[in-house]
Structure formats: C-alpha cells, structure tokens
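Asker: Turn this into a structure:
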Amino acid sequence: MRFRSCIQNLHLRRLLGWIFALGAVSPAFSAEELHPQDGPHVDIRIFIDAEAVAIQLEMNLVFLDYLVDFPREEPARISSVEWPELQPTLLEFFERSHPVRIDDQRVLPELEELQINDPDLALLPLFPISGEQGLRKIRFRLVYPTNSMPSKVEISWTTFPPDILTDLVDPPPLDLAAELDAEGVRAPLLFTVDEPGLTWRALGGSIDARLLDVPESVIEPGSRVPVLAIMFFVAGGVVLIVGFLVARASSSPIPLVAAAGIEGVLLISGVGLIVSGVGTITMGGGTRLPDDVEAEAIFRPLHANVYRAFDYVEESDIYDALDRSVDGPFLETLYRTIFRGLVMQEEGGAVARVTEVRPIEIEVGDIVMQEGEDGLERPVFTVSCRWQVDGVVSHWGHSHQRTNEYFADWDVVDGPDGWQLTGAEIREQDRLEEEGHVEVGEEFDV
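Answerer: Residues are numbered from 1 along each chain as shown. Below is the predicted model of the structure:
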C-alpha cells in the first residue's frame, strides 16, 4: 500500500532534518510528546448496549492507507468524486478482516456517520513525516445490531501499522489504545499484536458484582445460660435439704419422702426447660474487635472499591458505588478529592480512568469500641496508608498516563451497613509521571 512504500523510500537523513526543523518550530515539545503524533493513528471507542455493539473510529489518512487500498489523485485529500467509494471499501475490509461475534454469532456491520475533517494546515510543521496526510482524518461508526443486551462480545483487531516514532529504520507494530463503554462503565483497552482482540462478558449491571467483598465483623456467640432451669434445680435442692432436716427433727421419714418427690418434679422440669430453651439467656459475646491482620484485610477492599467506583461514567452511578464503602457525610468530600486527582489538565481536563491502585505501606493504628450516633458501641480503627494510583486517558490510538502517590490517615467504622470509611486526612501527595502534548482541534464535515 501507499503508506508502506512511502516508509520504505524515506531517506533517513531527510527525516532527521525534518525532525530537527520540528524542534526549531516547537522547542517546548519533543517529537514523542506531540499530539496527535506523526505517522499512522486511530482513535478507537467501543460501545455495548441493548441495541447494538458500536465501534467508533477516527483515523488519519496514513492509517487509512495502511488499512485499505484506496487510490486517489492526491494522497492527502479525498475528492468529492472519490468520496462515494470510501464507504463500501471500508465496509468490505472490516467485514473480512475485523470480525465481531455477539453471543457466539458472527454479526456484520453497518457503516454510519462517515465524515472527513478540515484540518488547520498551520499545524503541518508538526507532521514532518506524513504531512497533510497525517493531519487529515476520517471518522465513522461500525454498528453491529443486537436484539437485547449481549452477554458476550468478541472483537478481533488485526491491523497494526508500523510505529515509526519508536524506530524509523525498523519500526515495531503500533500498539493501539482504546476505550470500552458497557453497562455504565468505561474501561481503557490496549490492542497489541500479542493480544489483538477483546472478549467482553456482561456482569449484569450490578454494582456489588464489580466491587470487592469486604469481610464482616466477627460476632462472638457468647454463653447461653439456662437461668430458669438453674432456679428449678436450686429450688429442688432447697426442698430436699428442708425435708431432710424436718424428717430428722421429727424422726419420721415422711417429710424426706415428700421433699424427694418435689425435688424430682423440679429436676425433671429443669431438664425440660434446658431442652426447650425456655428461660435461657445469652451472656457475653457480641461484636469482637478485629486484630491488626483482620483490620488490614477489611481496609484493603474498602480502599480499592473507592477507586473502582470511578470506573462508572455517570456521576449518579459513581455515588451509588461509593456509598457501599463510604459513610454518607464523608462521601461528597472523598468524591471531590479523588475526582480532582484524576483530572488531567494537560489533556484538556479529561478524566483519567484508573488502571491500577497499589498500596505501598499499610499500618493499622488504634482499634477500639466507640459509641456511635445511634448510641451503640461499634468497632473503630485507624489506618495509615501510602498508595499509588495509575490513571490513563486514551485517544488517537495512544494513551497519556499519570501516576500519583498519596499518604493519608483513614478512619474505618463498623456501621449499620457494615465496614465503611468515615474520614481521611491526606498528608502527602506527589505526581510521579506525566506527559504533555499539543491539542489539535478541528471540525468534521459530512
């Protein structure tokens, strides 16, 4: 194809000269930091709902020429005469080379909303290798209809053009970052030559199914004491002693015989009370304070679930998921704090998706019983935790990653709804990694 032959014929010295010129034009950014970057690029968004599986693609003409053989008079443009042939060409390619199976059935796509942009040509210095061909983009949607919400979706992605920014002479296949929206959750993906596809399975939309299980408090059973039966046994013993004393004083066995009969009745009745449980009470027991190991095992899933809540797209769903792990008054504060930490200002305010949460240090503090607002004594403990959060924003087929490190003291309470976080004080916050880029804005036309 045209892109392959272009790469093969590029003279390395000329390329280096272009890259040097690029540095002169935009000294604040290296070639690796520019956005969108030179060479082939595609932005992949996948949506799964009850009506369809949709794949939204936005690619530059360099990527297009790697996908399909679409000859045209000017490589950097598609004329109005050539435009009608693009849709059937793309549709035939994706039907043949990128199959999609929904609930184990092959489904053919419909191609919708095919558009091409009108780029700002003043940005051409940012594309020394591919020129206007790298700046001009097309956008379209592949729609795979469904009759209901799928339980399983398999998508094969087999196109990986050369990553010329990594190695101009012997470029490796380009890894493609993507995003998946399904069941209200948005997740980052990465298509590679080694892992070229996606297999998605429905979880049924349940928030609890997406959260880690938090151990419950240990309830000590206490001791069951048959109080009424004991009273019967004591009374029988007293009657027997009295009968013995009266019989001895009167030198007659009758009082002792009568007392023995009464004692027997009381003894049998007491045994019956024990068997039936009547008059038995529980003494002691109740909620036991966790030890340090148990407290850490409680904190870890609570802490992880806080970030799992931010997998959801809608704010209401995030709040519902947070409510499982965070006490009401503290929920709003924690939401704002974590949301601010995920916003990438250098990405135009895009909210990063959490890819990993790594506890580095966890130290359990005091573990005590404390009276709650309802007047009941409840287990409470504190935790000092240092952790790292990886976040990623995916667009143009690549991702911008950030890692933040935090150190905070957390309060954990066993409330009416189980263990929950009720407060935190952040002591340290550091950004470990970040990336920058130049935003490129343009409007798309049909």
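Asker: Strands of the stretch 201-350 of the chain, start to end?
Answerer: In order along the chain, the stretch 201-350 of the chain carries the following strands (DSSP state E, counting those that start in this stretch): 218-220, 223-226, 280-283, 286-288, 343-344, 350-351.
Asker: In the sheet, which strands lie alongside the second one, parallel or antiparallel?
Answerer: The one in question is strand 223-226. Using DSSP bridges, strand 223-226 pairs in its sheet with strand 280-283 (antiparallel).
Asker: got any ranges where the stretch 251-400 of the chain has weak pLDDT?
Answerer: Low-confidence segments of the stretch 251-400 of the chain, defined by pLDDT under 70, span residues 282-286, 343-350, 373-374, 394-399.
Asker: can you rerun that using 90?
Answerer: Within the stretch 251-400 of the chain, the ranges that satisfy pLDDT under 90 run 251-289, 310-316, 327-329, 336-356, 369-378, 390-400.
Asker: okay, which residue is most central for this structure?
Answerer: Most central in the chain under CA atoms, centre = their mean is R308, positioned 3.7 Å from the mean C-alpha point.
Asker: what residues are up against it?
Answerer: Residues in contact with R308 (CB atoms under 8 Å, 6 or more residues apart in numbering) are R210, L211, L212, A321, V354. Placement of C-beta: from N, CA and C, glycine included.
Asker: From those residues, list the buried ones, please.
Answerer: Those of the contacts of R308 that meet the buried threshold are R210, L211, A321, V354, by 16 or more other CB atoms under 10 Å.
Asker: need these in a markdown table with distance to R248, can you?
Answerer: As requested, these are exported to a markdown table (distance: CB to CB, whole Å):
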| residue | distance to R248 |
| --- | --- |
| R210 | 79 |
| L211 | 75 |
| A321 | 79 |
| V354 | 86 |
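Asker: now for those residues, which pair is the farthest apart?
Answerer: The largest distance within these, taken as CB to CB, falls between L211 and V354 and amounts to 13.6 Å.
Asker: and the strand or helix carrying V143, what does it pack onto?
Answerer: Assignment of secondary structure by DSSP states H and E places V143 within strand 137-145. Where contact means 3 or more CB pairs under 8 Å, 6 or more residues apart in numbering; DSSP states H and E, strand 137-145 is packed against strand 52-60, helix 61-67, helix 86-97, strand 100-102, strand 110-117.
Asker: Pull out the buried residues from it.
Answerer: Buried residues in strand 137-145, defined by neighbour count with 16+ other CB under 10 Å: K137, I138, F140, R141, L142, V143, Y144.
Asker: Quick check: the last one touching R106?
Answerer: No - under the contact definition of CB atoms under 8 Å, Y144 does not touch R106, with a separation of 9.7 Å.
Asker: Determine the residues that are contacts of both of the two.
Answerer: Joint contacts of Y144 and R106 (CB under 8 Å, 6+ apart) are V100.
Asker: what lines up beside the helix or strand following the strand holding V143 in the sheet?
Answerer: Next in sequence after strand 137-145, counting helices and strands by DSSP H and E, comes strand 152-156. According to DSSP bridges, the neighbouring strands of strand 152-156, each with its direction, are strand 100-102 (antiparallel), strand 197-201 (antiparallel).
Asker: and the first one, how far out from the chain's middle?
Answerer: Centroid separation between strand 100-102 and its chain, computed with CA atoms, centre = their mean, to the nearest Å, is 24 Å.
Asker: Next: the longest one.
Answerer: Put simply, strand 197-201 sits 16 Å off its chain's centre (CA atoms, centre = their mean).
Asker: domain ranges for this protein?
Answerer: The record's domain split for the chain, according to automatic domain parsing, is 2-205, 223-283, 302-445.
Asker: Select, out of these, the one closest to S217.
Answerer: Using CB to CB as the criterion, the shortest distance between S217 and those is 5.0 Å, found for domain 302-445.
Asker: Could you tell me how many residues sit around G277?
Answerer: 11 (other CB atoms under 10 Å).
Asker: next one: F70
Answerer: The burial count for F70: 17, using other CB under 10 Å.
Asker: what number of residues lie near the residue nearest to it when sequence neighbours are not counted?
Answerer: Leaving out its chain neighbours, the residue that sits closest to F70 by CB to CB, 6 or more residues apart in numbering is T89, at 5.6 Å. For T89, the number of neighbouring residues by other CB under 10 Å comes to 14.
Asker: ok, so of the buried ones among the contacts of R308, who is nearest L189?
Answerer: Ranking the buried ones among the contacts of R308 by separation from L189, with CB to CB as the measure, puts V354 on top at 14.1 Å.
Asker: Skip the chain neighbours and tell me the closest residue to the closest one.
Answerer: Per CB to CB, 6+ apart, closest to V354 is Y307, 4.8 Å.
Asker: Next: R186.
Answerer: With CB to CB, 6+ apart, the residue lying closest to R186 is V313, at 5.0 Å.
Asker: Same check on E428?
Answerer: Distance criterion CB to CB, 6+ apart; nearest residue to E428, sequence neighbours excluded, is F407 at 3.9 Å.
Asker: Report the secondary structure element holding that neighbour.
Answerer: Assigned by DSSP H and E, F407 falls in strand 398-415.
Asker: and the following helix or strand past that strand, which residues are buried?
Answerer: Counting by DSSP H and E, the next helix or strand C-terminal to strand 398-415 is strand 418-433. Buried residues in strand 418-433, defined by neighbour count with 16+ other CB under 10 Å: W419, Q420, L421, T422, G423, A424.
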